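> show me the folded form of this:
(one chain, ligands or ions: 2)
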Amino acid sequence: MEKNIAVIRGDGIGPEIVNEAIKVLDKIAEMYGHTFHYTDVYMGGCAIDRFGDPLPESELKKCAESDSVLLGAVGGNQWNDMPGHLRPEKGLLRLRAGLGLYSNNRPAKIWPQLAEASPLKQSIVDKGIDFIIVRELIGGIYFGEHKTEIIDGENTAIDMLTYNEKEIERIGRIGFETAQKRNKKLCSVEKSNVLDSSRLWKKVMHRLAEEYPDVTLTDMLVDNCAMQIVRNPAQFDVIVTENMFGDILSDEASMITGSIGMIPSSSLGAGSCGLYEPIHGSAPDIAGQNLANPIGTILSAAMMLRYSFDMPKEADAIEQAVSAYLSAGYRTADIMSEGMQQVGCKECGDYIVACLCQKEETA
Ligand code: IPM
Ligand code: MG
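Ligands and ions are numbered 1, 2, ... in the order given. Alright, predicted model coming up:
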(Lines give C-alpha, C1' and ligand atoms only; values in the text may rest on other atoms or scores of the structure.)
(Ligands and ions follow the chains in the order given, each with its own letter.)
Protein backbone atom coordinates (compact mmCIF):
# COMPACT_ATOMS: atom_id res chain seq x y z
CA MET A 1 0.00 0.00 0.00
CA GLU A 2 1.03 3.58 -0.56
CA LYS A 3 0.25 6.14 2.14
CA ASN A 4 0.89 9.85 2.62
CA ILE A 5 1.79 10.77 6.17
CA ALA A 6 1.92 14.38 7.34
CA VAL A 7 4.73 14.64 9.88
CA ILE A 8 4.75 17.31 12.56
CA ARG A 9 8.00 17.16 14.48
CA GLY A 10 7.09 20.18 16.58
CA ASP A 11 9.12 21.52 19.49
CA GLY A 12 11.35 20.33 22.33
CA ILE A 13 11.90 16.59 22.13
CA GLY A 14 9.38 16.37 19.24
CA PRO A 15 11.94 16.11 16.39
CA GLU A 16 14.05 13.41 18.08
CA ILE A 17 11.15 11.12 19.01
CA VAL A 18 9.52 11.49 15.58
CA ASN A 19 12.79 10.57 13.87
CA GLU A 20 12.81 7.27 15.74
CA ALA A 21 9.18 6.54 14.83
CA ILE A 22 10.00 7.18 11.17
CA LYS A 23 12.93 4.77 11.37
CA VAL A 24 10.49 2.13 12.57
CA LEU A 25 7.89 2.98 9.89
CA ASP A 26 10.56 2.76 7.18
CA LYS A 27 11.56 -0.68 8.38
CA ILE A 28 7.91 -1.78 8.35
CA ALA A 29 7.51 -0.42 4.80
CA GLU A 30 10.54 -2.44 3.70
CA MET A 31 9.37 -5.63 5.45
CA TYR A 32 5.78 -5.55 4.22
CA GLY A 33 6.20 -3.92 0.81
CA HIS A 34 4.52 -0.57 1.56
CA THR A 35 5.52 2.94 0.55
CA PHE A 36 5.14 5.75 3.05
CA HIS A 37 5.55 9.31 1.75
CA TYR A 38 6.25 11.92 4.43
CA THR A 39 5.27 15.58 4.18
CA ASP A 40 6.76 17.93 6.76
CA VAL A 41 4.24 20.19 8.47
CA TYR A 42 5.07 23.03 10.86
CA MET A 43 2.84 23.43 13.87
CA GLY A 44 3.34 24.86 17.35
CA GLY A 45 6.28 26.98 18.45
CA CYS A 46 8.33 26.24 15.33
CA ALA A 47 5.42 27.51 13.21
CA ILE A 48 5.17 30.67 15.33
CA ASP A 49 8.87 31.32 14.72
CA ARG A 50 8.56 30.59 11.00
CA PHE A 51 5.16 32.06 10.09
CA GLY A 52 4.03 34.04 13.17
CA ASP A 53 1.11 31.61 13.50
CA PRO A 54 0.97 28.24 15.37
CA LEU A 55 -0.91 26.59 12.48
CA PRO A 56 -1.28 28.53 9.24
CA GLU A 57 -4.11 27.38 6.93
CA SER A 58 -1.57 26.06 4.42
CA GLU A 59 -0.11 23.70 7.03
CA LEU A 60 -3.55 22.52 8.16
CA LYS A 61 -4.38 21.84 4.50
CA LYS A 62 -1.34 19.56 4.17
CA CYS A 63 -2.66 17.53 7.11
CA ALA A 64 -6.20 17.38 5.72
CA GLU A 65 -4.86 16.11 2.39
CA SER A 66 -2.78 13.36 3.99
CA ASP A 67 -3.86 9.85 4.91
CA SER A 68 -2.88 10.55 8.52
CA VAL A 69 -0.81 12.79 10.74
CA LEU A 70 2.08 11.78 12.99
CA LEU A 71 2.93 14.33 15.68
CA GLY A 72 5.78 14.62 18.19
CA ALA A 73 4.98 17.37 20.69
CA VAL A 74 4.55 21.13 20.78
CA GLY A 75 5.25 23.94 23.24
CA GLY A 76 8.14 25.48 25.13
CA ASN A 77 8.99 28.18 27.62
CA GLN A 78 9.97 30.77 25.01
CA TRP A 79 6.37 30.99 23.80
CA ASN A 80 4.74 31.04 27.25
CA ASP A 81 4.11 34.77 27.24
CA MET A 82 2.40 34.83 23.85
CA PRO A 83 -1.30 35.79 23.88
CA GLY A 84 -3.64 32.74 24.08
CA HIS A 85 -4.45 32.63 20.35
CA LEU A 86 -0.75 32.63 19.47
CA ARG A 87 0.47 29.90 21.80
CA PRO A 88 1.88 26.66 20.35
CA GLU A 89 -0.94 24.66 21.99
CA LYS A 90 -3.48 26.67 20.00
CA GLY A 91 -2.01 25.10 16.85
CA LEU A 92 -2.72 21.64 18.24
CA LEU A 93 -6.27 22.56 19.19
CA ARG A 94 -6.89 24.05 15.74
CA LEU A 95 -5.48 20.93 14.12
CA ARG A 96 -7.75 18.65 16.16
CA ALA A 97 -10.79 20.81 15.42
CA GLY A 98 -9.81 21.46 11.77
CA LEU A 99 -9.70 17.72 11.08
CA GLY A 100 -12.87 17.09 13.13
CA LEU A 101 -11.06 14.65 15.44
CA TYR A 102 -13.57 14.40 18.25
CA SER A 103 -12.49 11.04 19.63
CA ASN A 104 -9.20 10.64 21.47
CA ASN A 105 -8.21 7.14 22.54
CA ARG A 106 -5.58 6.83 25.28
CA PRO A 107 -4.67 3.35 26.46
CA ALA A 108 -3.32 2.78 29.96
CA LYS A 109 -1.72 -0.63 29.96
CA ILE A 110 1.12 -1.89 32.03
CA TRP A 111 3.90 -3.72 30.25
CA PRO A 112 4.82 -6.71 32.43
CA GLN A 113 8.51 -5.79 32.02
CA LEU A 114 7.78 -2.39 33.60
CA ALA A 115 5.68 -3.48 36.56
CA GLU A 116 8.39 -2.22 38.88
CA ALA A 117 8.40 1.23 37.30
CA SER A 118 4.83 1.81 38.48
CA PRO A 119 4.63 4.00 41.60
CA LEU A 120 1.73 1.85 42.82
CA LYS A 121 2.12 -0.99 45.33
CA GLN A 122 2.90 -4.33 43.76
CA SER A 123 -0.33 -5.79 45.16
CA ILE A 124 -2.34 -3.23 43.16
CA VAL A 125 -0.28 -3.63 39.99
CA ASP A 126 -0.62 -7.42 40.19
CA LYS A 127 -4.38 -7.14 39.73
CA GLY A 128 -3.67 -5.78 36.24
CA ILE A 129 -3.85 -2.37 34.58
CA ASP A 130 -5.40 -2.39 31.14
CA PHE A 131 -7.96 0.25 30.31
CA ILE A 132 -8.66 2.90 27.71
CA ILE A 133 -9.68 6.49 28.21
CA VAL A 134 -11.94 7.75 25.45
CA ARG A 135 -11.64 11.52 25.67
CA GLU A 136 -13.90 13.99 23.86
CA LEU A 137 -11.41 16.18 22.03
CA ILE A 138 -12.99 19.14 20.27
CA GLY A 139 -15.59 20.46 22.67
CA GLY A 140 -16.03 21.61 26.23
CA ILE A 141 -14.01 24.24 28.00
CA TYR A 142 -11.08 23.97 25.58
CA PHE A 143 -13.23 25.34 22.77
CA GLY A 144 -15.60 27.68 24.61
CA GLU A 145 -15.15 31.42 24.66
CA HIS A 146 -12.06 32.58 26.56
CA LYS A 147 -11.82 36.18 27.67
CA THR A 148 -10.39 38.42 30.33
CA GLU A 149 -12.13 41.71 31.07
CA ILE A 150 -12.93 44.14 33.84
CA ILE A 151 -16.21 43.23 35.52
CA ASP A 152 -17.37 45.27 38.55
CA GLY A 153 -13.95 46.89 38.61
CA GLU A 154 -12.17 43.51 38.91
CA ASN A 155 -9.95 41.93 36.28
CA THR A 156 -11.98 38.78 35.52
CA ALA A 157 -11.19 35.71 33.39
CA ILE A 158 -13.95 33.68 31.75
CA ASP A 159 -13.71 30.23 30.12
CA MET A 160 -16.97 28.80 28.84
CA LEU A 161 -17.76 25.09 29.14
CA THR A 162 -20.42 24.01 26.67
CA TYR A 163 -21.62 20.64 25.36
CA ASN A 164 -24.63 19.90 23.21
CA GLU A 165 -26.38 16.53 22.97
CA LYS A 166 -24.99 15.76 19.53
CA GLU A 167 -21.40 16.23 20.73
CA ILE A 168 -22.01 14.00 23.75
CA GLU A 169 -23.79 11.35 21.74
CA ARG A 170 -21.07 10.91 19.12
CA ILE A 171 -18.31 10.42 21.71
CA GLY A 172 -20.64 8.30 23.84
CA ARG A 173 -21.11 5.93 20.91
CA ILE A 174 -17.33 5.59 20.54
CA GLY A 175 -17.17 4.73 24.24
CA PHE A 176 -19.82 2.00 23.90
CA GLU A 177 -18.29 0.62 20.69
CA THR A 178 -14.82 0.53 22.26
CA ALA A 179 -16.24 -1.36 25.25
CA GLN A 180 -18.02 -3.80 22.93
CA LYS A 181 -14.64 -4.76 21.47
CA ARG A 182 -13.14 -5.27 24.94
CA ASN A 183 -14.59 -6.42 28.26
CA LYS A 184 -17.92 -4.64 27.76
CA LYS A 185 -17.61 -2.33 30.75
CA LEU A 186 -18.02 1.40 30.21
CA CYS A 187 -17.52 3.97 32.95
CA SER A 188 -18.88 7.43 32.15
CA VAL A 189 -17.00 10.07 34.11
CA GLU A 190 -18.47 13.50 34.87
CA LYS A 191 -19.19 16.02 37.61
CA SER A 192 -22.98 15.86 37.59
CA ASN A 193 -23.21 16.91 41.24
CA VAL A 194 -22.09 20.40 40.16
CA LEU A 195 -22.13 20.98 36.38
CA ASP A 196 -25.07 21.26 34.00
CA SER A 197 -22.92 20.01 31.14
CA SER A 198 -22.22 16.86 33.19
CA ARG A 199 -25.90 16.32 33.95
CA LEU A 200 -26.63 16.40 30.22
CA TRP A 201 -23.65 14.10 29.64
CA LYS A 202 -25.02 11.54 32.09
CA LYS A 203 -28.52 11.71 30.62
CA VAL A 204 -27.25 11.10 27.08
CA MET A 205 -25.04 8.18 28.19
CA HIS A 206 -28.01 6.47 29.83
CA ARG A 207 -30.18 7.02 26.75
CA LEU A 208 -27.46 5.44 24.58
CA ALA A 209 -27.02 2.52 26.99
CA GLU A 210 -30.38 1.14 25.82
CA GLU A 211 -28.88 0.65 22.36
CA TYR A 212 -25.89 -1.27 23.74
CA PRO A 213 -27.44 -3.86 26.07
CA ASP A 214 -24.27 -5.98 25.96
CA VAL A 215 -22.28 -3.17 27.64
CA THR A 216 -22.53 -2.47 31.37
CA LEU A 217 -22.58 1.29 31.95
CA THR A 218 -21.55 2.81 35.26
CA ASP A 219 -21.26 6.48 36.27
CA MET A 220 -18.46 7.96 38.30
CA LEU A 221 -17.76 11.48 39.48
CA VAL A 222 -14.44 12.73 38.19
CA ASP A 223 -12.90 13.36 41.62
CA ASN A 224 -13.77 9.83 42.69
CA CYS A 225 -12.37 8.51 39.41
CA ALA A 226 -9.04 10.24 40.06
CA MET A 227 -8.95 8.36 43.36
CA GLN A 228 -10.09 5.00 41.95
CA ILE A 229 -7.39 5.07 39.26
CA VAL A 230 -4.73 4.82 41.95
CA ARG A 231 -6.75 2.74 44.41
CA ASN A 232 -8.00 -0.01 42.11
CA PRO A 233 -7.21 0.53 38.42
CA ALA A 234 -8.13 -3.09 37.60
CA GLN A 235 -11.82 -2.13 37.88
CA PHE A 236 -11.68 -0.12 34.63
CA ASP A 237 -12.14 -1.34 31.07
CA VAL A 238 -13.20 1.77 29.13
CA ILE A 239 -13.66 5.26 30.55
CA VAL A 240 -15.49 7.86 28.48
CA THR A 241 -15.25 11.48 29.51
CA GLU A 242 -15.23 15.10 28.40
CA ASN A 243 -12.22 16.99 27.13
CA MET A 244 -10.63 18.48 30.24
CA PHE A 245 -11.40 15.58 32.57
CA GLY A 246 -9.87 13.27 29.96
CA ASP A 247 -6.75 15.43 29.75
CA ILE A 248 -6.18 15.22 33.49
CA LEU A 249 -7.17 11.58 34.04
CA SER A 250 -5.04 10.35 31.13
CA ASP A 251 -1.90 11.86 32.65
CA GLU A 252 -2.71 10.16 35.92
CA ALA A 253 -3.46 6.86 34.18
CA SER A 254 -0.18 7.00 32.26
CA MET A 255 1.84 7.51 35.41
CA ILE A 256 0.57 4.35 37.09
CA THR A 257 1.81 2.33 34.10
CA GLY A 258 5.37 3.49 34.73
CA SER A 259 6.02 6.43 32.46
CA ILE A 260 4.07 8.95 30.46
CA GLY A 261 6.78 8.43 27.81
CA MET A 262 5.31 5.05 26.90
CA ILE A 263 1.74 6.06 26.07
CA PRO A 264 0.50 6.59 22.51
CA SER A 265 -2.81 8.05 21.40
CA SER A 266 -5.08 8.18 18.41
CA SER A 267 -7.52 10.93 17.53
CA LEU A 268 -10.19 10.15 14.99
CA GLY A 269 -13.29 11.74 13.53
CA ALA A 270 -15.71 10.73 10.82
CA GLY A 271 -13.10 9.67 8.24
CA SER A 272 -10.02 7.48 8.38
CA CYS A 273 -7.48 10.33 8.57
CA GLY A 274 -6.34 10.42 12.17
CA LEU A 275 -3.82 12.22 14.33
CA TYR A 276 -1.35 10.03 16.19
CA GLU A 277 0.74 11.44 19.00
CA PRO A 278 2.28 10.44 22.31
CA ILE A 279 0.34 11.90 25.23
CA HIS A 280 3.37 13.55 26.81
CA GLY A 281 4.52 17.09 26.15
CA SER A 282 7.61 18.59 24.53
CA ALA A 283 9.86 18.26 27.64
CA PRO A 284 12.11 21.23 26.77
CA ASP A 285 14.34 20.45 29.77
CA ILE A 286 15.69 17.30 28.10
CA ALA A 287 15.35 18.32 24.45
CA GLY A 288 18.30 17.70 22.14
CA GLN A 289 20.15 15.54 24.68
CA ASN A 290 19.22 12.10 23.33
CA LEU A 291 17.39 11.38 26.61
CA ALA A 292 13.76 11.20 25.56
CA ASN A 293 11.77 7.98 25.38
CA PRO A 294 10.49 7.61 21.79
CA ILE A 295 8.25 4.62 22.56
CA GLY A 296 5.05 6.69 22.98
CA THR A 297 5.59 8.00 19.44
CA ILE A 298 6.61 4.62 18.04
CA LEU A 299 3.46 3.05 19.50
CA SER A 300 1.44 5.97 18.09
CA ALA A 301 2.79 5.05 14.65
CA ALA A 302 1.63 1.47 15.32
CA MET A 303 -1.85 2.79 16.16
CA MET A 304 -1.82 4.71 12.87
CA LEU A 305 -1.15 1.49 10.98
CA ARG A 306 -3.89 -0.32 12.91
CA TYR A 307 -6.68 2.26 12.94
CA SER A 308 -6.15 4.42 9.84
CA PHE A 309 -4.32 2.14 7.39
CA ASP A 310 -5.90 -1.19 8.28
CA MET A 311 -2.50 -2.85 8.74
CA PRO A 312 -3.00 -4.94 11.89
CA LYS A 313 -0.08 -7.32 11.21
CA GLU A 314 2.31 -4.42 10.85
CA ALA A 315 0.99 -2.80 14.04
CA ASP A 316 1.38 -6.08 15.93
CA ALA A 317 4.97 -6.35 14.68
CA ILE A 318 5.85 -2.93 16.13
CA GLU A 319 4.20 -3.71 19.48
CA GLN A 320 6.03 -7.04 19.65
CA ALA A 321 9.33 -5.35 18.81
CA VAL A 322 8.78 -2.86 21.66
CA SER A 323 8.07 -5.76 23.99
CA ALA A 324 11.20 -7.61 22.82
CA TYR A 325 13.27 -4.45 23.37
CA LEU A 326 11.96 -4.15 26.95
CA SER A 327 12.52 -7.85 27.60
CA ALA A 328 16.12 -7.47 26.43
CA GLY A 329 16.62 -5.06 29.33
CA TYR A 330 17.07 -1.75 27.54
CA ARG A 331 15.61 1.35 29.18
CA THR A 332 15.61 5.08 28.49
CA ALA A 333 16.26 7.28 31.54
CA ASP A 334 12.56 7.77 32.41
CA ILE A 335 12.04 4.04 33.05
CA MET A 336 15.56 3.10 34.08
CA SER A 337 15.85 0.65 36.97
CA GLU A 338 18.60 -1.38 38.56
CA GLY A 339 20.16 -4.09 36.45
CA MET A 340 18.90 -2.63 33.17
CA GLN A 341 21.00 -1.06 30.45
CA GLN A 342 20.37 2.65 29.93
CA VAL A 343 20.10 3.81 26.33
CA GLY A 344 19.38 7.10 24.59
CA CYS A 345 16.46 8.03 22.36
CA LYS A 346 18.33 7.15 19.17
CA GLU A 347 19.60 3.81 20.45
CA CYS A 348 16.10 2.95 21.62
CA GLY A 349 14.83 3.43 18.04
CA ASP A 350 17.75 1.43 16.65
CA TYR A 351 17.15 -1.47 19.03
CA ILE A 352 13.45 -1.58 18.22
CA VAL A 353 14.30 -1.69 14.51
CA ALA A 354 16.80 -4.47 15.30
CA CYS A 355 14.01 -6.39 17.08
CA LEU A 356 11.87 -6.01 13.93
CA CYS A 357 14.78 -7.38 11.86
CA GLN A 358 15.05 -10.40 14.16
CA LYS A 359 11.38 -11.06 13.65
CA GLU A 360 11.94 -10.83 9.89
CA GLU A 361 14.76 -13.37 10.07
CA THR A 362 12.83 -15.86 12.14
CA ALA A 363 9.67 -15.49 10.00
C1 IPM B 1 -2.64 16.61 25.73
C2 IPM B 1 -1.97 17.93 26.01
C3 IPM B 1 -2.74 19.03 25.29
C4 IPM B 1 -4.16 19.03 25.82
C5 IPM B 1 -2.11 20.42 25.40
C6 IPM B 1 -0.68 20.42 24.88
C7 IPM B 1 -2.93 21.47 24.72
O8 IPM B 1 -1.90 18.15 27.39
O9 IPM B 1 -2.71 16.23 24.55
O10 IPM B 1 -3.07 15.97 26.69
O11 IPM B 1 -4.42 19.63 26.87
O12 IPM B 1 -5.01 18.45 25.17
MG1 MG C 1 -2.55 16.50 28.56
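> so where does the closest residue to ligand 1 within the stretch 1-150 of the chain fall, helix or strand?
Using C-beta to the nearest ligand atom, the single residue of the stretch 1-150 of the chain nearest to ligand 1 is residue 89, 3.8 Å away. (Glycine included, C-beta is placed from N, CA and C.) Taking DSSP states H and E as the criterion, residue 89 maps to helix 88-98.
> helices and strands around that helix, which ones?
helix 45-51, helix 57-64, strand 68-73 (3 or more C-beta pairs under 8 Å, 6 or more residues apart in numbering; DSSP states H and E).
> reformat those as JSON lines; add mean pLDDT.
Shown next, in JSON lines, are these (pLDDT from 0 to 100):
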{"stretch": "helix 45-51", "mean pLDDT": "96"}
{"stretch": "helix 57-64", "mean pLDDT": "98"}
{"stretch": "strand 68-73", "mean pLDDT": "98"}
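> out of these, deepest packed?
strand 68-73 (a mean of 27; mean count of other C-beta atoms under 10 Å).
> so it, near ligand 1 or not?
No - against ligand 1, strand 68-73 shows no contacts by C-beta under 6 Å from any ligand atom, the least distance being 7.7 Å.
> tell me the strands beside that strand, with direction?
Using DSSP bridges, strand 68-73 pairs in its sheet with strand 2-10 (parallel), strand 275-276 (parallel).
> helices and strands around the helix or strand of the chain with the lowest mean pLDDT, which ones?
None of the helices or strands of the chain scores lower by mean pLDDT, DSSP states H and E than helix 345-362, at a mean of 93. When contacts are defined as 3+ C-beta pairs under 8 Å, 6+ apart, helix 345-362 sits against helix 14-32, helix 295-307, helix 312-327, strand 330-331.
> so the residue in the stretch 101-250 of the chain positioned nearest to ligand 1, which state does it fall into?
Across the stretch 101-250 of the chain, the shortest distance to ligand 1 (C-beta to the nearest ligand atom) belongs to residue 247, at 4.4 Å. Using DSSP: H, G, I helix; E, B strand; the rest coil, the secondary structure recorded for residue 247 is helix.
> how far away is it from residue 89?
The spacing between residue 247 and residue 89, counted by C-beta to C-beta, to the nearest Å, is 11 Å.
> I'd say residue 345 and residue 17 touch.
Yes - contact criterion C-beta atoms under 8 Å: residue 345 and residue 17 qualify, at 6.5 Å.
> out of these two, which sits in the more crowded spot?
The neighbour count for residue 345 versus residue 17, taken as other C-beta atoms under 10 Å, is higher for residue 17 (32 against 24).
> contacting residues for the more buried one?
The contact partners of residue 17, by C-beta atoms under 8 Å, 6 or more residues apart in numbering, come to 72-73, 278, 292-294, 296-297, 345.
> closest to ligand 1 among these?
residue 73 (7.7 Å).
> how about that closest one: which residues does it bridge to?
Residue 73 has the following beta-bridge partners by DSSP bridges: residue 10.
> quick one: contacts for it?
Contacts of residue 73 by C-beta under 8 Å, 6+ apart are 10-14, 17, 44, 277-278, 280-283.
> which of those residues tops the neighbour count?
residue 17 (32 neighbours).
> and which of the contacts of residue 73 is nearest to residue 138?
Lowest distance from residue 138 to those (C-beta to C-beta) belongs to residue 277, with 14.8 Å.
> so what touches stretch 45-59?
Identification of contacts with stretch 45-59 by C-beta under 8 Å, 6+ apart yields 9-11, 41-44, 74-76, 78-79, 82, 86-92, 94-95, 98, 282.
> residue 166: neighbouring residues, count only.
Residue 166, neighbours per other C-beta under 10 Å, totals 9.
> separation between it and residue 257?
With C-beta to C-beta as the criterion, residue 166 and residue 257 are 33 Å apart.
> what's the answer for residue 82, then?
33 Å.
> that older thread, surely the residue of the stretch 1-150 of the chain closest to ligand 1 and residue 76 touch.
No - the criterion here is C-beta under 8 Å, and residue 89 misses it with residue 76 at 10.6 Å.
> hmm, back to that, which residues do residue 345 and residue 17 both contact?
Joint contacts of residue 345 and residue 17 (C-beta under 8 Å, 6+ apart) are 292-294.
> for residue 283, which non-adjacent residue is spatially closest?
In this structure, residue 283 finds its nearest non-sequential neighbour in residue 13, 4.8 Å apart by C-beta to C-beta, 6 or more residues apart in numbering.
> contacts only, for the one you found.
Contact analysis of residue 13 by C-beta under 8 Å, 6+ apart lists 72-73, 282-284, 286-288, 292, 345.
> if anything else comes up later, I'll come back, but that's it for now.
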